[in-house]
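Participant: build me a structure from this.
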Amino acid sequence: HVAEKLRQASGKLTALSGHLADTMQSDKGQEATDARKLLSGDAETLASLLTSPVAVQRKAVFPIANYGSSMAPFYSTLSIWVGATILAAMMTVSISDRKKARVLGLDSLKASWLRADALDEEGKQPWGTFRPESPGNARRFGMKLYQEYFGRFLVFAVMAILQGCMVCLGDLFYLKIQCEHPLLFLLVGILAAFIFMNLIYTLVVSFGDVGKALAVILLVMQVAGSGGTVPREVLPDFFQAVYPFLPFVHAIAAMQSAIAGVYGMEFWREIGALCLFLVPSLLLGLVLRNPVIRLNSWFMRNMESTKLM
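Facilitator: Prediction:
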């Protein structure tokens with residue numbers, strides 16, 4: 001297809017050259033006079049006219065001063081996600097049974113039934129099929145599942161928000177990036193840190209080590225497919241399809257608005273889209289988590305029974 005287009009262009013140029021030569025050799029007509037006048041002018045001006053027949057005047061509406069400021073949204077968002085992943089890897093998402101009993105004020109006699117081999121009056125384990133020391137056994141202590149979920153998550157949320165603040169404040173005051181709306185930039189960092197931490201915490205508390213692996217897989221997908229370094233239009237078809245469903249996309253877009261300037265309701269639309277990721281995360285953590293934890297507990301018990309892990 002390209003070769004055919006080039007052949008057509010070559011034919012047109014050859015025809016134009018022949019027509020111009022015939023016109024120059026002719027001594028009659030206004031065309032010969034105009035052709036001589038055109039070709040006898042300034043060669044540089046003529047070349048400039050032929051190469052750029054139309055001049056484009058560029059006016060930057062939301063200018064960004066430098067490359068570092070333009071890339072700050074992507075790398076700031078990446079730092080916040082990596083920080084949340086490291087928190088989930090370094091800190092345990094579950095609290096030991098002994099700690100739960102002590103915090104709830106259960107004495108040793110009252111807490112004796114919490115042993116792994118304890119049975120209730122009907123000869124069954126009072127906590128069902130949950131493993132000792134695992135997330136989801138809150139009802140052994142008279143707690144609700146959501147109380148255990150939010151009680152532990154608050155620690156991770158506070159740490160993640162501090163990380164988000166450190167990243168954004170470092171961009172503003174240490175790297176001194178361009179930022180038209182510093183408070184909005186800081187707001188995006190705090191909100192992204194909270195939502196990213198909630199997503200990763202829910203995955204880990206529901207799936208254990210598999211959840212940590214899923215968080216890393218999501219990280220790799222978002223680095224490649226969020227459009228932070230290249231436009232969405234040049235991404236592979238798969239990434240273009242999943243593009244709107246990646247948290248990175250909306251956090252980066254909101255940070256770009258805060259840095260270069262807000263256009264209409266763009267900033268708040270991206271903030272709303274980012275907040276929507278809390279819906280599936282809380283659905284998994286509070287509603288679907290119970291059967292998921294049972295399945296994960298069964299899997300871990302069988303793995304331990306092999307004596308290989």
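Participant: please tell me the pLDDT value assigned to residue 170.
Facilitator: According to the prediction, residue 170 has pLDDT 95.
Participant: for it, grab the count of nearby residues.
Facilitator: For residue 170, the count of nearby residues is 13 (other CB atoms under 10 Å). For glycine as for every other residue, the C-beta is placed from the backbone atoms N, C-alpha and C.
Participant: state the distance from it to residue 164.
Facilitator: Separation of residue 170 from residue 164 (CB to CB, to the nearest Å): 11 Å.
Participant: residues in contact with stretch 212-223: which ones?
Facilitator: With contacts defined as CB atoms under 8 Å, 6 or more residues apart in numbering, stretch 212-223 is touched by 78, 81-82, 84-85, 88-89, 199-200, 203-204, 207, 239, 242, 246-249.
Participant: in helices, which of these appear?
Facilitator: Of the contacts of stretch 212-223, the ones assigned to helices by DSSP state H are 78, 81-82, 84-85, 88-89, 199-200, 203-204, 207, 239, 242, 247-249.
Participant: only the buried subset of those, as a ChimeraX command please.
Facilitator: Burial among the ones in helices among the contacts of stretch 212-223 is assessed by 16 or more other CB atoms under 10 Å; the matching ChimeraX selection reads:
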select :78,81,84,85,88,199,200,203,204,207,239,247,248,249
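Participant: where do the helices sit along the stretch 151-300 of the chain?
Facilitator: For the stretch 151-300 of the chain, applying DSSP state H, counting those that start in this stretch gives helices covering 182-207, 209-225, 237-242, 247-260, 266-275, 278-282, 289-305.
Participant: pick the most buried one from those.
Facilitator: Mean neighbour count (mean count of other CB atoms under 10 Å) peaks for helix 247-260 among the helices of the stretch 151-300 of the chain, with a mean of 25.
Participant: mind giving me the packing neighbours of that one?
Facilitator: Helices and strands in packing contact with helix 247-260 are listed as helix 67-90, helix 182-207, helix 209-225, helix 266-275; criterion 3 or more CB pairs under 8 Å, 6 or more residues apart in numbering; DSSP states H and E.
Participant: quick one: low-confidence ranges for the stretch 51-200 of the chain?
Facilitator: Scanning the stretch 51-200 of the chain for pLDDT under 70 picks out 51-54, 96-98, 101, 103-142.
Participant: low-confidence ranges, the stretch 201-309 of the chain, go.
Facilitator: For the stretch 201-309 of the chain, the stretches flagged by pLDDT under 70 are 293-294, 296-309.
Participant: can you tell me how far residue 167 is from residue 274?
Facilitator: On the measure of CB to CB, residue 167 and residue 274 end up 16 Å apart.
Participant: er, residue 231 actually
Facilitator: To residue 274, residue 231 is 21 Å away according to CB to CB.
Participant: thinking again about what came up before, Throw the helices of the stretch 151-300 of the chain into JSON lines and include distance to residue 65, thanks.
Facilitator: Formatted as JSON lines, the helices of the stretch 151-300 of the chain follow (distance: least, CB to CB, whole Å):
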{"stretch": "helix 182-207", "distance to residue 65": "15"}
{"stretch": "helix 209-225", "distance to residue 65": "25"}
{"stretch": "helix 237-242", "distance to residue 65": "29"}
{"stretch": "helix 247-260", "distance to residue 65": "10"}
{"stretch": "helix 266-275", "distance to residue 65": "20"}
{"stretch": "helix 278-282", "distance to residue 65": "34"}
{"stretch": "helix 289-305", "distance to residue 65": "46"}
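Participant: which one of these lies closest to residue 68?
Facilitator: Smallest distance to residue 68 across those (CB to CB): 10.7 Å, for helix 247-260.
Participant: quick one, the closest one and helix 182-207 angle?
Facilitator: Calculated by axes from the mean of the first three to the mean of the last three CA atoms, to 10 degrees, helix 247-260 forms an angle of 170 degrees with helix 182-207.
Participant: can I get helix 247-260 in PDB, CA atoms only?
Facilitator: Extracted in PDB, the C-alpha atoms of helix 247-260 (Å, rounded to 0.1, in the frame of the first residue of the first chain):
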ATOM      1  CA  PRO A 247      -6.900   2.500  39.200                       C
ATOM      2  CA  PHE A 248      -3.600   4.100  37.900                       C
ATOM      3  CA  VAL A 249      -5.400   5.700  35.000                       C
ATOM      4  CA  HIS A 250      -7.700   7.800  37.100                       C
ATOM      5  CA  ALA A 251      -5.100   8.700  39.700                       C
ATOM      6  CA  ILE A 252      -2.700   9.900  37.000                       C
ATOM      7  CA  ALA A 253      -5.400  11.900  35.200                       C
ATOM      8  CA  ALA A 254      -6.400  13.700  38.400                       C
ATOM      9  CA  MET A 255      -2.800  14.500  39.300                       C
ATOM     10  CA  GLN A 256      -2.200  15.800  35.700                       C
ATOM     11  CA  SER A 257      -5.200  18.200  36.200                       C
ATOM     12  CA  ALA A 258      -3.800  19.400  39.500                       C
ATOM     13  CA  ILE A 259      -0.400  20.000  38.000                       C
ATOM     14  CA  ALA A 260      -1.300  21.600  34.700                       C
END
